[in-house]
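Enquirer: Have a look; sequence and predicted model below, questions after that.
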Amino acid sequence: MNETATPRPESLRPLWHVGRARMLFAGCLGRNAPHSHSTSVLLAGIYDRFDLKVGAAGWLRCRTAVIRAGVPYEFDAGGRPFAVIYIEPNATSAEGLVALISETREVSGAIVGEDGELSVIRALYEDAQSADWAGLAIEDLVGFARRKARRTTDLRVAYTINSLTSKTTIEVDSWSSNLPRVRLAALAVGLSTSRFQHVFKNEVGVSYRRYLAWLRMRAAIRDVVEGSTLAMAAHGAGYCDQPHFAREFRRIFGAPASRSLLRVRG
C-alpha cells in the first residue's frame with residue numbers, strides 16, 4: 001500500500017493571502033533587519049520560538065508577538081516557518097490582536113507571548129490548497145480579535161481607510177502619483193489638511209503618506225500572488241522599475257523580496 005509522505009515544513013512554498021483589510025504571510029524566514037509597518041502585525045513562530053528585538057530593547061525569545069504600527073523591530077526565525085498577519089486599522093486594533101496570543105508581557109510598546117491561536121495558522125501553512133480558504137480563516141481570527149477590542153478607530157480615519165482600501169469614495173488618479181492626495185482625503189472628512197494629518201497619524205501610528213506607500217506595496221504583492229511577475233507587479237503598482245520596488249520591499253519588510261515572493265502558492 002502506498003502512503004503519501006507528509007512534506008517537511010521547510011519544503012512548503014510561501015503562502016500569501018491579500019484581503020481587503022488583512023494580509024497573511026506564512027513561510028520560512030531567517031533574519032529580517034530592523035523595520036516597521038504601517039499596520040499592526042501579529043508575529044508567530046508556526047512550530048517553535050523565534051528571536052525578536054523591539055526598538056532599543058535587547059533580544060528575546062518568544063512564540064508570538066503583536067507589534068503596533070510604526071514601532072521598529074527585527075527578528076530572526078532561524079530559517080523556520082514563520083507567520084505574519086497584517087491588519088488594517090479599520091479591521092481591528094493592536095489591542096484586538098493581543099486577544100489572539102497568550103502568556104503575554106509588554107516590551108518597548110510591543111506585546112510578546114509564549115502561545116496563541118496557532119492551530120489555524122499551522123493548518124493554513126500545511127495545506128497546499130489553503131489559498132482557497134485562507135480568507136475565511138483569517139476573517140474568523142480577525143472577527144474574534146475585533147470583538148475583544150475595546151478601542152475603536154476615529155470615525156473620520158475609519159472612513160478614510162475604508163475609502164482607500166475599496167478605492168471607491170476618495171478620488172484616485174494613479175498609484176504612480178501616490179494619490180489620493182492628503183488634501184482630498186482631509187476634505188472628504190471635513191478637516192483641514194494639517195488637522196487631518198495629525199488625527200490620522202495619532203490613530204494609525206504612521207503618516208498618511210506612508211500609509212499610501214503601504215497600500216501600494218500591498219497591491220504589488222496581490223498581483224504577484226495572482227500570477228504576475230515581480231516586474232509586472234512593480235509596474236502595475238506604480239513603481240518606477242523593479243529595483244525601485246525591491247528597495248521599497250526591503251525597507252518595509254526588512255528583507256529582500258526574493259526571500260518570500262518567489263514560488264508563492266497560487
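Expert: Good, I have the coordinates.

Enquirer: Show me what the residue minimising distance to the centre of the chain is bridged to.
Expert: Among the residues of the chain, the one closest to the centroid is residue 86, at 2.6 Å (CA atoms, centre = their mean). Beta-bridge pairing of residue 86 under DSSP bridges involves residue 23, residue 41.

Enquirer: ok, it touching residue 22?
Expert: Yes - when contacts are counted by CB atoms under 8 Å, residue 86 is listed as touching residue 22 (6.7 Å). No exception for glycine: its C-beta is placed from N, CA and C like everyone else's.

Enquirer: intersection of neighbour lists for these two?
Expert: Common neighbours of residue 86 and residue 22 are not found (criterion: CB atoms under 8 Å, 6 or more residues apart in numbering).

Enquirer: count of neighbours near the residue nearest to residue 248 when sequence neighbours are not counted?
Expert: Excluding its sequence neighbours, the residue lying closest to residue 248 (CB to CB, 6 or more residues apart in numbering) is residue 217, at 6.3 Å. If you count neighbours by other CB atoms under 10 Å, residue 217 ends up with 22.

Enquirer: which stretches of this structure aren't confidently modelled?
Expert: Applying pLDDT under 70 to the chain flags residues 1-7, 9-10, 167-180, 266.

Enquirer: All the strands of it, residue numbers only.
Expert: Along the chain, the stretches classed as strands by DSSP state E are 15-18, 22-35, 40-45, 50-54, 60-62, 64-67, 73-87, 101-102, 105-107, 110-113, 115-116.

Enquirer: quick check: angle from the fourth one to strand 22-35?
Expert: Inter-element angle recorded for strand 50-54 and strand 22-35: 70 degrees (by axes from the mean of the first three to the mean of the last three CA atoms, to 10 degrees).

Enquirer: Please list the outside residues in contact with strand 50-54.
Expert: 34, 43, 59-63, 65, 67, 71-78, 80, 82, 107-110, 112.

Enquirer: Can you flag the buried ones in the residues you listed?
Expert: 43, 62-63, 65, 67, 71-77, 80, 82, 107, 110, 112 (16 or more other CB atoms under 10 Å).

Enquirer: mind listing what's buried in stretch 153-163?
Expert: Neighbour-count burial for stretch 153-163 [16+ other CB under 10 Å]: 153, 156, 157, 158, 159, 160, 161, 162, 163.

Enquirer: residue contacts, the closest residue to residue 165 other than its chain neighbours?
Expert: Distances taken as CB to CB, 6+ apart put residue 20 closest to residue 165, at 5.3 Å, once the chain neighbours are dropped. Counting by CB under 8 Å, 6+ apart, residue 20 makes contact with 88, 165, 166.

Enquirer: Export those to a markdown table and append columns for distance to residue 230 and neighbour count.
Expert: A markdown table is the format used below for the contacts of residue 20 (distance: CB to CB, whole Å; neighbours: other CB atoms under 10 Å):
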| residue | distance to residue 230 | neighbour count |
| --- | --- | --- |
| 88 | 24 | 27 |
| 165 | 23 | 16 |
| 166 | 26 | 11 |
